[in-house]
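Colleague: Next come a sequence and a model predicted from it.
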Amino acid sequence: MGPGTTWYIAVAAILFGIGTIGVILRRSPLIVLLSLEIMLNSSNLALVGFSRHFGTVDGQIFAICVMAVAAAEVVLGLGLIVAFTRRNMPLDVDAAMELRG
Amino acid sequence: MGNVLVWVIWILAALACVGSGIAVISFTNPFYSALALIGNLASLAVLFLLASAEFVAAAQILVYAGAVMVMFLFVIAYLGGRADAPFAGGPQWLQLGAFVSGAAIMIAVIVALITKASGGLSDSADIERSFGSPAEIGRLFLTDHLLAFEITSVVLLIAAIGGVVLATKTEAEDDDS
């Protein structure tokens, strides 16, 4: 027997907190996206930990769906960042104040 | 003996996970942050393996550390020198608020674990050898979770179309430049 479910959830909570700090604190949209990836992965860790705890594979199914959604989010986020640079805007989340192109 | 080995590997992977997570948000160069995130994802895959989620661990390495991070590194290289941004140029209260909110989430979950769940989460269910195997996951995806599977495929298709639309140069943009 290895570490119990409590340990998995504790590590997931710590990672989620790190991701939250990164999203609020960093101003480069690239690093905001990377911090979002950390938050999504911490939720995956909690899902897999609970899946192991209850002995059902459903949590792992959900984790794979979260992975697909994260991939979609990265595609759109990076597309937006490339569109930023096309318009010669500075790479700063504070600079993107309006949606109108 | 095997028990001790599992604990040692688990704790090393968890420490690597948290350490590379802190590295991701503290590097000023986005390229280093992306490389640290690859380490984070790899050590998370080790944790997944130890929770007998073999297929999720393999998908994590292939999809995330392989495909998604390569795309990230390409975009960071494409943006080049202008990718540097100040670490935290916001006001002082914003930095304080970020740390308070991040710490609040951690403390809330950990206190809940200590006070409420210590009895309920102590013993895990017994599992069979086929738990988390690709065959088991594929069977569930095509029977119980067919709707989630189909919706995920549509979401990925929409994201692919959206990525092409966002990256295409419009006529108006050509006139601007």
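Modeller: Received it, and whenever you're ready, just let me know what you need.
Colleague: now the helices for chain A?
Modeller: Counting by DSSP state H, one finds helices in chain A at the ranges A:5-25, A:29-54, A:58-86.
Colleague: do you know which of those lies nearest residue B:8?
Modeller: In terms of CB to CB, the element of the helices of chain A nearest to residue B:8 is helix A:5-25, at 13.4 Å. Bear in mind the C-beta positions are built from the backbone N, C-alpha and C, glycine included.
Colleague: Can you name every helix or strand that the closest one contacts?
Modeller: If you count contacts as 3 or more CB pairs under 8 Å, 6 or more residues apart in numbering or on different chains; DSSP states H and E, helix A:5-25 packs onto helix A:29-54, helix B:2-26, helix B:92-115.
Colleague: helices or strands up against the shortest one?
Modeller: Right, helix B:92-115. Partner elements for helix B:92-115 (3+ CB pairs under 8 Å, 6+ apart): helix A:5-25.
Colleague: May I have the helix it packs on exported as CSV, CA atoms only?
Modeller: C-alpha atoms of helix A:5-25 as CSV (Å, rounded to 0.1, in the frame of the first residue of the first chain):
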residue,chain,number,x,y,z
THR,A,5,-6.1,9.4,-1.0
THR,A,6,-5.5,12.2,1.5
TRP,A,7,-2.0,12.7,0.2
TYR,A,8,-3.2,13.0,-3.4
ILE,A,9,-5.8,15.6,-2.5
ALA,A,10,-3.2,17.6,-0.5
VAL,A,11,-0.8,17.7,-3.4
ALA,A,12,-3.7,18.6,-5.8
ALA,A,13,-4.7,21.5,-3.4
ILE,A,14,-1.1,22.8,-3.3
LEU,A,15,-0.8,22.7,-7.1
PHE,A,16,-4.2,24.5,-7.5
GLY,A,17,-3.0,27.2,-5.1
ILE,A,18,0.2,27.7,-7.1
GLY,A,19,-1.8,27.9,-10.3
THR,A,20,-4.1,30.5,-8.8
ILE,A,21,-1.2,32.7,-7.6
GLY,A,22,0.3,32.4,-11.1
VAL,A,23,-2.9,33.4,-12.9
ILE,A,24,-3.5,36.4,-10.7
LEU,A,25,0.1,37.6,-10.4
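Colleague: Put together JSON lines for the helices and strands packed on helix A:5-25, with mean neighbour count and distance to residue A:83 on each row.
Modeller: Listed next are those as JSON lines, based on neighbours: other CB atoms under 10 Å in any protein chain shown; distance: least, CB to CB, whole Å:
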{"stretch": "helix A:29-54", "mean neighbour count": "24", "distance to residue A:83": "11"}
{"stretch": "helix B:2-26", "mean neighbour count": "17", "distance to residue A:83": "24"}
{"stretch": "helix B:92-115", "mean neighbour count": "14", "distance to residue A:83": "26"}
